[in-house]
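*Asks:* Quick check, what structure comes out for this input:
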Amino acid sequence: MEDHILEIKNLKIKYKLKSGYLYAVKDVSFNVKKGEMVAVVGESGCGKSTIANAIMQLPVDGEIIEGEILVNGRDLNRLSEKEMESVRGKEIGMIFQNPLDSLNPVYKTRSQITEALKLDHIGKKEADAIVEKLFSSVRMPDPRTCMNSYPHELSGGMRQRVMIAMMIARNPQFLIADEPTTALDVTVETQIMDILNDMKKTRNTSILLITHNFGLVAESADRIVVMYAGQVVEQGTVYEIFDNPVHPYTHMLMKALPRKTKKEGRLVTIDGAVPKIKEDVPGCHFANRCPFAREKCFCETPDVQLISGEHSFRCHIQKEELQWEKN
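*Replies:* Numbering: from 1, shown residues only. Sure thing, here's the model as predicted:
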């Protein structure tokens, strides 16, 4: 559709192993509209970062990708590496989890950002002015000093600001933020999210936020995609998901959120761990951890049930039963 900057359709990603295949992502479909923030949430190992890397077409040995990844109507899976070079940075930017790993330790931050600007044939003097302006826009303290600093001379929050400045230097329409606040304290975390929200409002940037932190999602996202073991188990607007979480996994994640007072009871834990799917077998991936699992759940793959235009979930149990049982 015209207002969709990203459309993912029936995406499947698997890795070749000695003993067969590891199914990292299976039948994933969702979209990101222009100027909105969509959060992809779930435990570690659910396939969130795998999807981000697939969008950026970052190759992994033994990886097999099926389905469509459409950005502005073009299927990125069909583009050559040379064509993708013009897409990365210009159309799509990506903020990685650990900026210290992403930044080159032997170059000053200014040089690493001007390198991207050179692709647009911008001169050194103009590029330096753009970098200073970018550092100011991401609320970098003393931009001129930071421009001439090496990554190790900056704090974690400042390095993340450098990464954001680098990713928005070429004004991409779409930004992927993969756990952008990992290992940052709460104050800096809030500042980073404020920067991303400002970008959405002032630049009309579309953002795919990948996180396991529901607290970030509640205040920033427009829509939520909940993933489990490589599949989308529920998606909808932030209000629909928080007010009416239907899938058992989403409901249990909500129950695990910190409470305002002790009177609200202890946090709920989800026993077990996310399974590694090594065979393309039928059944619900959450069945072995689900308190509502039935025999059917272990042998038949559930279909997607629609609750509203935006809200859907993948489960064998009918929404009326789940709404009654979760209360």
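
*Asks:* roughly how far out does the helix or strand that contains S136 sit from the chain middle?
*Replies:* Per DSSP states H and E, S136 falls inside helix 124-137. Put simply, helix 124-137 sits 28 Å off its chain's centre (Cα atoms, centre = their mean, to the nearest Å).

*Asks:* so what secondary structure elements neighbour that helix?
*Replies:* helix 109-117, helix 143-147, helix 156-168 (3 or more Cβ pairs under 8 Å, 6 or more residues apart in numbering; DSSP states H and E). C-beta: built from backbone N, CA, C; applies to glycine.

*Asks:* shaky segments in this structure?
*Replies:* Scanning the chain for pLDDT under 70 picks out the ranges 1-2, 257-267, 319-327.

*Asks:* Look up how far A177 lies from the residue most central in space within it.
*Replies:* In the chain, the residue lying closest to the centroid (Cα atoms, centre = their mean) is I210, at 2.3 Å. Using Cβ to Cβ, to the nearest Å, I210 is found at 7 Å from A177.

*Asks:* Kindly report the same for T250.
*Replies:* T250 is 21 Å from A177, by Cβ to Cβ.

*Asks:* same thing with D185?
*Replies:* Distance, D185 to A177, by Cβ to Cβ: 18 Å.

*Asks:* I55: what's its closest spatial neighbour, skipping adjacent residues?
*Replies:* I69 (5.7 Å; Cβ to Cβ, 6 or more residues apart in numbering).

*Asks:* Partner strands of the helix or strand encompassing N31 and their direction?
*Replies:* In this assignment (DSSP H and E), N31 forms part of strand 20-33. Partners of strand 20-33 in the sheet, by DSSP bridges, are strand 4-17 (antiparallel).

*Asks:* Dump the strand it pairs with to CSV, keeping only the CA atoms.
*Replies:* This file holds the C-alpha atoms of strand 4-17, laid out as CSV (Å, rounded to 0.1, in the frame of the first residue of the first chain):
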residue,chain,number,x,y,z
HIS,A,4,3.4,1.5,3.9
ILE,A,5,7.2,2.2,3.9
LEU,A,6,7.9,-1.5,4.9
GLU,A,7,5.9,-4.6,4.1
ILE,A,8,7.0,-8.0,5.2
LYS,A,9,5.1,-10.8,3.7
ASN,A,10,5.4,-14.5,4.7
LEU,A,11,9.0,-14.1,5.6
LYS,A,12,10.9,-17.4,6.4
ILE,A,13,14.5,-17.5,7.5
LYS,A,14,16.4,-20.6,8.2
TYR,A,15,20.1,-21.5,8.8
LYS,A,16,21.8,-24.6,7.4
LEU,A,17,23.2,-26.8,10.2
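
*Asks:* ok, residues contacting that strand?
*Replies:* Here strand 4-17 makes contact (Cβ atoms under 8 Å, 6 or more residues apart in numbering) with 1, 21-34, 47, 50-51, 54-55, 60, 62-72, 173-174, 206, 208, 230, 278.

*Asks:* mind listing what's buried in it?
*Replies:* Neighbour counts over strand 4-17 (16 or more other Cβ atoms under 10 Å) mark H4, I5, L6, E7, I8, L11, K12, I13, K14, Y15 as buried.

*Asks:* Just put those residues in a markdown table and tack on distance to H121.
*Replies:* As requested, the buried residues of strand 4-17 are exported to a markdown table (distance: Cβ to Cβ, whole Å):
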| residue | distance to H121 |
| --- | --- |
| H4 | 31 |
| I5 | 26 |
| L6 | 28 |
| E7 | 31 |
| I8 | 33 |
| L11 | 35 |
| K12 | 39 |
| I13 | 36 |
| K14 | 40 |
| Y15 | 39 |
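
*Asks:* Which one of the residues you listed is nearest to T301?
*Replies:* Among the buried residues of strand 4-17, K12 lies closest to T301 (Cβ to Cβ), at 13.3 Å.

*Asks:* my read: V41 touches F214, true?
*Replies:* Yes - between V41 and F214 there is a contact at 6.4 Å, judged by Cβ atoms under 8 Å.

*Asks:* what sits in contact with each of these two?
*Replies:* Shared contacts of V41 and F214, counting by Cβ under 8 Å, 6+ apart, come down to L253.

*Asks:* ok, these two, which is more surrounded?
*Replies:* V41 (24 against 20; other Cβ atoms under 10 Å).

*Asks:* re the thing from before, tell me how far the residue nearest to I55 lies from V32.
*Replies:* 11 Å.

*Asks:* So the two - more neighbours on which side?
*Replies:* Neighbours per residue, other Cβ under 10 Å: of I69 and V32, the larger number sits with V32, 24 against 21.

*Asks:* Just confirm that one contacts F174, I think it does.
*Replies:* Yes - with contacts counted by Cβ under 8 Å, V32 reaches F174, the gap being 7.0 Å.

*Asks:* joint contacts of these two?
*Replies:* Contact criterion Cβ under 8 Å, 6+ apart; residues shared by V32 and F174: I5, L6, S206, I207, L208.

*Asks:* wait, which of the residues you listed is closest to S111?
*Replies:* So of the shared contacts of V32 and F174, ranked by how close each gets to S111 (Cβ to Cβ), first place is I207, at 26.7 Å.
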